[in-house]
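Chemist: got a predicted structure plus its sequence, pasted below:
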Amino acid sequence: MPNPEEELIGILKNSGVDFTSSLPCEKIKTLLEMIEDSFFHVPLTREEEGVGISAGSALAGKMPAVFVQSSGIGNMINALLSLTGFYELPLAIFISQRGIYNEKIAAQVPMGRGMPKILKGAGISHSVISKRDDFKVIEKKLRDVYKKNKIHVFLLSPEIWERSGSLMQDARHRIHPPLSPLNKGGIKGGSCIVHHASTPKFTRYEILEIVAPYLDNKVVVCNLGFPAKEMFHIKHQPSNFYMLGSMGMAASIGLGISLSTDKKVVVIDGDGSLLMNPGTLATAACLFPGNLTILAIDNSAYGSTGNQPTLTGTCVDLEIVARGFGIKDTAKASTKKELVDAMKDTGKGLRFIHALAITGNRAVPNISLHHLENKKQVMRFIKT
Ligand SMILES: Cc1ncc(C[n+]2csc(CCOP(=O)(O)OP(=O)(O)O)c2C)c(N)n1
């Protein structure tokens, strides 16, 4: 008997799906690797982008399917209703539904559990796929999607993959370029390799250890996933704000804080997250807070969900992006000295530090501080 990932891919192929896109969720990392190997596939920077790209592909006669996690639906709704739905284009959306089964991240619960009601409110039809038996409905629904030009959401429970043991496997670490041979020259991934003067030596954890002494007495916004967990492990202080959800918002949260207090603010961001919301760099450049440092730890991967590559490994230089958006004080750092030199100047104006990292997460425990207690501590620090 094929494993559930193989079975699902077979169903998609039989149904004529020929254009896929995704943004990683840890619970479907094995499925995503297999999708990438089996179909034309676009790696996304934000889920909403997948709606636009899929609409374009459908306009060109393709049969698109997008794979995201439940929180990503929050990033898609407007485009889904005013583009895909409004123009009556087909789109199958496979959602890794969080917050319903063995969920370890409390921030996943509100969006994950709210999914059926949110979809109902938006007038988007959905099917609950909580076990393999439920796969039967997928083929029939896909027929409707592509024949009648409908949007249909499949809510996939993590239970499906856990039963097959695939959740236990660690995702292979893919080397760039991430684009599969099935993309047949449609995307020229290899033509825009970013060349950095020096190659990174440190993991995110090691970078955090180096910069930790420079975070004293500063508000530190820690990006969700491993950055927050590793920071908590290395140096917890009451002024650290640990994100548990809201991917892409780290720099925006830091900007909001820096515009509202004289305290120095450091944002620990990630390349995948910054690519999801790069416009916030323009807002920061324009408002020019005198106390904000954005430390972008660029491991060229969605490290927290299994090291799926991001486009900073092929096309994008985040320091140039920051400069292009108008941030003048930028630095690139891949050695200890470069990191320390860059961190010494934090708190003087608006600064963007592009720290190059190698992939790898440290096996640290979850954050033991309750998120409301975390908020209270940070607010107290800012107030004093
Ligand atoms: C809207 C949304 N989409 C996807 C996810 C799943 N997710 C959590 S952390 C993460 C990776 C973040 O990557 P990056 O910003 O590069 O930081 P790294 O983990 O590599 O340090 C992803 C994709 C999410 N939490 N929210």
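Modeler: On my side now, so go ahead.
Chemist: which residues of this protein lie near the ligand?
Modeler: When proximity is defined as C-beta under 6 Å from any ligand atom, the chain approaches the ligand at 23-25, 69, 71-72, 75, 204, 223-227, 247, 270-273, 297, 299, 301-305, 310. Using the backbone N, CA and C atoms, a C-beta is placed for each residue, glycine as well.
Chemist: among those, name the ones in helices.
Modeler: Within the residues of the chain next to the ligand, residues falling in helices by DSSP state H are 71-72, 204, 226-227, 271-273.
Chemist: filter those residues down to just the buried residues.
Modeler: 71-72, 204, 226-227, 271-273 (16 or more other C-beta atoms under 10 Å).
Chemist: reformat these as JSON lines; add pLDDT.
Modeler: Shown next, in JSON lines, are those (pLDDT from 0 to 100):
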{"residue": "S71", "pLDDT": "96"}
{"residue": "G72", "pLDDT": "96"}
{"residue": "R204", "pLDDT": "98"}
{"residue": "F226", "pLDDT": "98"}
{"residue": "P227", "pLDDT": "98"}
{"residue": "D271", "pLDDT": "98"}
{"residue": "G272", "pLDDT": "97"}
{"residue": "S273", "pLDDT": "97"}
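Chemist: burial of the residue in the stretch 151-300 of the chain positioned nearest to the ligand, as a residue count?
Modeler: Proximity of the stretch 151-300 of the chain to the ligand (C-beta to the nearest ligand atom) peaks at G270, 2.4 Å away. Residues contacting G270 under the criterion other C-beta atoms under 10 Å number 28.
Chemist: show me what it is bridged to.
Modeler: I297 (DSSP bridges).
Chemist: give the contact list for it.
Modeler: With contacts defined as C-beta atoms under 8 Å, 6 or more residues apart in numbering, G270 is in contact with 223, 225, 227, 250, 296-299, 302-304.
Chemist: and the helix-or-strand element of the chain with minimal mean pLDDT, how far out from the chain's middle?
Modeler: Across the helices and strands of the chain, mean pLDDT, DSSP states H and E gives its lowest value to helix 158-164, namely a mean of 85. Here the centre of helix 158-164 is set off from its chain's centre by 22 Å, with C-alpha atoms, centre = their mean, to the nearest Å.
Chemist: one more: stretch 293-306?
Modeler: Worked out by C-alpha atoms, centre = their mean, stretch 293-306 lies 10 Å from the chain centre.
Chemist: got the CA positions of that stretch in PDB?
Modeler: Output of stretch 293-306 as PDB, limited to C-alpha atoms (Å, rounded to 0.1, in the frame of the first residue of the first chain):
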ATOM      1  CA  THR A 293      18.100  47.400  14.600                       C
ATOM      2  CA  ILE A 294      16.900  44.600  12.400                       C
ATOM      3  CA  LEU A 295      19.200  41.600  12.600                       C
ATOM      4  CA  ALA A 296      18.200  39.400   9.700                       C
ATOM      5  CA  ILE A 297      19.700  35.900  10.200                       C
ATOM      6  CA  ASP A 298      19.800  34.500   6.700                       C
ATOM      7  CA  ASN A 299      20.300  30.800   6.500                       C
ATOM      8  CA  SER A 300      18.700  30.700   3.000                       C
ATOM      9  CA  ALA A 301      16.000  28.400   4.400                       C
ATOM     10  CA  TYR A 302      12.800  28.100   6.300                       C
ATOM     11  CA  GLY A 303      14.900  26.700   9.100                       C
ATOM     12  CA  SER A 304      12.100  26.100  11.600                       C
ATOM     13  CA  THR A 305      10.000  24.000   9.300                       C
ATOM     14  CA  GLY A 306      12.600  21.600   7.900                       C
END
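Chemist: sorry, back to before: buried residues in the least confident helix or strand of the chain, which are they?
Modeler: 158-161, 164.
Chemist: now do stretch 299-317
Modeler: Applying 16+ other C-beta under 10 Å to stretch 299-317 flags 299-314, 316-317 as buried.
Chemist: what do you get for stretch 339-349?
Modeler: Neighbour-count burial for stretch 339-349 [16+ other C-beta under 10 Å]: 339, 342-343, 346-347.
Chemist: now the two most distant members of the ones in helices among the residues of the chain next to the ligand.
Modeler: G72 and R204 (22.7 Å; C-beta to C-beta).
Chemist: what's the closest of the buried residues of stretch 339-349 to the ligand?
Modeler: The ligand has its nearest neighbour among the buried residues of stretch 339-349 in L339, at 15.9 Å by C-beta to the nearest ligand atom.
Chemist: now that closest one: closest residue in space, sequence neighbours ignored.
Modeler: A333 (4.5 Å; C-beta to C-beta, 6 or more residues apart in numbering).
Chemist: what's opposite that neighbour in the beta bridge?
Modeler: Legend: beta-bridge partners of A333 under DSSP bridges are A355.
Chemist: shouldn't it be in contact with F352?
Modeler: No - taking contacts as C-beta atoms under 8 Å, A333 lies outside contact range of F352: 11.0 Å.
Chemist: returning to what we had before: next, format the buried residues of stretch 339-349 as CSV and append pLDDT.
Modeler: As requested, the buried residues of stretch 339-349 are exported to CSV (pLDDT from 0 to 100):
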residue, pLDDT
L339, 96
A342, 95
M343, 95
T346, 72
G347, 68
